[in-house]
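Q: what's the 3D shape of this:
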Amino acid sequence: MTPYADPRPVGDIESCYFYHRMELPGVGVVGGQWDLRRTIEDYLAGFPFAGKRVLDVGAASGFPSFEMERRGAEVVSFDMSPDGRWDIVPLAGADLDAAVQHKRESWKALTNAYWFAHAALRSSAKVCYGDIYRLPEALGDFDVAFLGSVLLHLQNPFEALRSAARRTRDALIVTEPAYPASGAPMEFVPTRLGPSDTWWRLSQGCVAQMMDVLGFDIASITHSRHTLVDEKNPRAFEFFSVVGRRAA
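A: The predicted model follows:
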């Protein structure tokens, strides 16, 4: 059986949630929570994607996937299956069943946005929904795996990176928020009050060490700033990108 999802026709843009701001032919600017349009090259670590088979882990509404494809990559966009495991922080007193149901409803609007943009851009990217900790063998191998702002939302970021590394021949790219230095390589974020969808603050050194353990030499570590959309008070946040190349 194919691991890829069938394209989903989405005619109603009102049913979409665009996590990324992007410009679509015949529609104009849509979304979103993050505006990476002017800074996407830095977000993607300046990697040369032309001719590469790329796995975009945590594709959301798809802007990084479509940008890697525009740069000449053959892209597979990967995201969570709606009926799969959701890494929700089990806050004391919280209704986890309600939180899972909210995630599933959000997933539909987010993936609607992906498919709406996919059609508008005439993208050839394929899509797989599943479990990041158990990427299907049927996907085959990739030249590059890109994980953009994903690890902080996962209960076990190392296992997720390990899962992606198993399917990667050459390069792992991890882009994460660069929080002010506290001295800790990795910090547990939630308190009893939340948040429920963010587990960790990871330092660039922590990510680099994870890659080293998985057999990847660090090729580069770069920093960039990206805009969180707020019409009254847009804010730029610093991110780091670690590129690891599989050791010979």
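
Q: Report pLDDT for the residue of the chain positioned farthest from its centre.
A: Ranked by distance from the centre of the chain (C-alpha atoms, centre = their mean), the top residue is G93, with 29.2 Å. Looking at G93, its pLDDT stands at 92.

Q: how close does it get to T191?
A: According to C-beta to C-beta, to the nearest Å, G93 stands 13 Å off from T191. C-beta coordinates here come from the backbone N, C-alpha and C atoms, glycine included.

Q: same question, V242
A: 28 Å.

Q: Looking at the two now, which is surrounded by more residues?
A: V242 (25 against 9; other C-beta atoms under 10 Å).

Q: Phi first, then psi, for the more buried one.
A: When read as degrees, to the nearest 10, the backbone of V242 gives phi -110, psi 130.

Q: The chain should start at 30 in everything you say after this.
A: OK, 30 is where the count begins now, so the last one is V271.

Q: Tell me how far the most centrally placed residue in the chain lies from V118.
A: Taking C-alpha atoms, centre = their mean as the criterion, G87 is the residue nearest the geometric centre of the chain, at 3.3 Å. Distance of G87 to V118, given as C-beta to C-beta: 17 Å.

Q: List the buried residues in the helix ranked longest in the chain.
A: Across the chain, the longest stretch assigned as helix under DSSP state H is helix 125-149. The neighbour-count check on helix 125-149 (16 or more other C-beta atoms under 10 Å) flags 128, 132, 136, 139-147, 149 as buried.

Q: quick one: the helix or strand just after that helix to helix 125-149, angle?
A: Scanning forward in sequence from helix 125-149 by DSSP states H and E, the next helix or strand is strand 155-159. In terms of direction (axes from the mean of the first three to the mean of the last three C-alpha atoms, to 10 degrees), strand 155-159 departs from helix 125-149 by 170 degrees.

Q: and strand 155-159, how far out from the chain's middle?
A: With C-alpha atoms, centre = their mean, to the nearest Å as the basis, strand 155-159 stands 13 Å off its chain's centre.
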